[in-house]
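In: Predicted model and sequence follow; I will ask about them next.
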Amino acid sequence: MNLQVLDPPRDFVGQVAIITGGAGGVGTAVAATLARRGCKLCLIDISKPALDKALTALHAKCPGAEAYVVEGDVSDAAAATEIVRGVVARYGRLDVLIQTAGITGKTNTKTEDVDPANFDLVLRVNMRGIFCMCRAALPVMAKQKYGRIVNIASIAGKEGNAGMLAYSTSKAAVIGLSKTIGKEYAEAGITCNAIAPAVIQTAMVDAMPAEQVKYMTDKIPMKRCCELQEVTDVIVFAASRACSFTTGFTFDVTGGRATY
């Protein structure tokens, strides 16, 4: 039996997206999917060599993709503003902001043993970075009367993960931030939603202690990590025009761990 291979939909043609954490993991997977659907891209990360490698891989997967990279710290408010200004100067608009940049920090550590400096670092990247980019992007989207913001949170932000105080706290903050922005801009043509995955099989997870990963996957009824494409598909929906009546929401991608 011959199976028909369908071309991907081109529902992002004419749109422009910023993807933070664009040099790896979820960021590169989302970039490839959006590029296939016709979206112009700006990929942001803190490592220029990693970004260049990601861009080369993107062009190999998606010949003709219109994309460029910017090395930058999204937790720096001035840098975030310049990133958005650069995108608008280059493409004339900004339709989608997808924020995948994040770190776990030190894990498998009880609260009393948490290093305050590491706590501050995790919150700076995971929460302040998302705030700074939203703050920079929202005026552009409001002027257009259209925008989609998708912030990557975590099931840890809903339920808390023992041994991951800073990470869980930061992701809970991302959920709260997304709810607030969703309500504030509900009449402006802008949606802002969070994605709360369970553990995703990425290099970041590969670097975590095995006992910490087992602790997390043991809580998942499917007893496995989320695959990149599984979470990518939910992110892309939340970033699309089809997601027009859902805002301030947290999408579950947890293999049955969260059912509310």
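Out: All right, it came through fine. Numbers count the residues shown, from 1 in each chain.
In: Can you point out the buried residues in stretch 135-144?
Out: For stretch 135-144, a neighbour-count test (16 or more other Cβ atoms under 10 Å) marks 136, 137, 138, 140, 141 as buried. Where C-beta positions appear, they are placed from N, C-alpha and C, glycine not excepted.
In: which one of these sits closest to residue 257?
Out: residue 137 (30.5 Å; Cβ to Cβ).
In: contacting residues around that closest one?
Out: 18, 84, 94, 97, 147, 149 (Cβ atoms under 8 Å, 6 or more residues apart in numbering).
In: Among those residues, which ones are in strands?
Out: When the contacts of residue 137 are checked against strands (DSSP state E), the matches are 18, 97, 147, 149.
In: out of those residues, what pair is the most spread apart?
Out: Across these (Cβ to Cβ), the longest gap, 10.9 Å, separates 18 and 147.
In: which residues do those two both contact?
Out: Joint contacts of residue 18 and residue 147 (Cβ under 8 Å, 6+ apart) are 94, 96, 97, 137.
In: What values do phi and psi take at residue 241?
Out: With angles defined as degrees, to the nearest 10, residue 241 sits at phi -60, psi -30.
In: now swap in residue 141 and tell me
Out: Torsion angles, degrees, to the nearest 10, at residue 141: phi -60, psi -40.
In: neighbours around the closest residue in space to it that isn't next to it in sequence, how many?
Out: Closest residue to residue 141 apart from its sequence neighbours, by Cβ to Cβ, 6 or more residues apart in numbering: residue 147 at 2.8 Å. By the measure other Cβ atoms under 10 Å, the count of residues near residue 147 is 23.
In: any idea how far residue 147 lies from residue 184?
Out: Look at residue 147 and residue 184: by Cβ to Cβ, to the nearest Å, they are 12 Å apart.
In: next structured bit after the host helix or strand of residue 174?
Out: Using DSSP states H and E, residue 174 sits in helix 165-184. Downstream of helix 165-184, the next assigned helix or strand under DSSP H and E is strand 190-197.
In: Buried residues, whichever helix or strand comes after that following strand. List them.
Out: Heading C-terminal from strand 190-197, the first helix or strand you meet, by DSSP H and E, is helix 203-206. Using 16+ other Cβ under 10 Å as the test for burial, helix 203-206 gives 204, 205.
In: Dump helix 203-206 to CSV, restricted to CA.
Out: Presented in CSV, the C-alpha positions along helix 203-206 are these (Å, rounded to 0.1, in the frame of the first residue of the first chain):
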residue,chain,number,x,y,z
ALA,A,203,20.2,17.4,26.2
MET,A,204,19.2,19.3,29.3
VAL,A,205,17.5,16.2,30.7
ASP,A,206,20.3,14.0,29.6
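In: still on that earlier bit, beta partners for the residue nearest to residue 141?
Out: Here residue 147 sits in beta bridges with residue 190, as judged by DSSP bridges.
In: now it: how far from residue 164?
Out: Taking Cβ to Cβ, one finds residue 147 at 31 Å from residue 164.
In: try residue 154
Out: Residue 154 is 9 Å from residue 164, where distance means Cβ to Cβ.
In: Please enumerate the helices of the stretch 1-150 of the chain.
Out: Using DSSP state H, counting those that start in this stretch, the helices of the stretch 1-150 of the chain run over residues 25-36, 48-61, 77-91, 116-123, 129-144.
In: which of those helices is buried the deepest?
Out: Among these, ranked by average contacts under mean count of other Cβ atoms under 10 Å, first place goes to helix 25-36 (a mean of 24).
In: pLDDT weak spots in the stretch 1-150 of the chain?
Out: The model of the stretch 1-150 of the chain has pLDDT under 70 over residues 1-7.
In: Looks like residue 51 contacts residue 67 (just checking).
Out: No. Using Cβ atoms under 8 Å, residue 51 is not in contact with residue 67, being 10.3 Å away.
In: ok so, going back, turn the helices of the stretch 1-150 of the chain into JSON lines, including distance to residue 195.
Out: As requested, the helices of the stretch 1-150 of the chain are exported to JSON lines (distance: least, Cβ to Cβ, whole Å):
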{"stretch": "helix 25-36", "distance to residue 195": "9"}
{"stretch": "helix 48-61", "distance to residue 195": "20"}
{"stretch": "helix 77-91", "distance to residue 195": "20"}
{"stretch": "helix 116-123", "distance to residue 195": "18"}
{"stretch": "helix 129-144", "distance to residue 195": "12"}
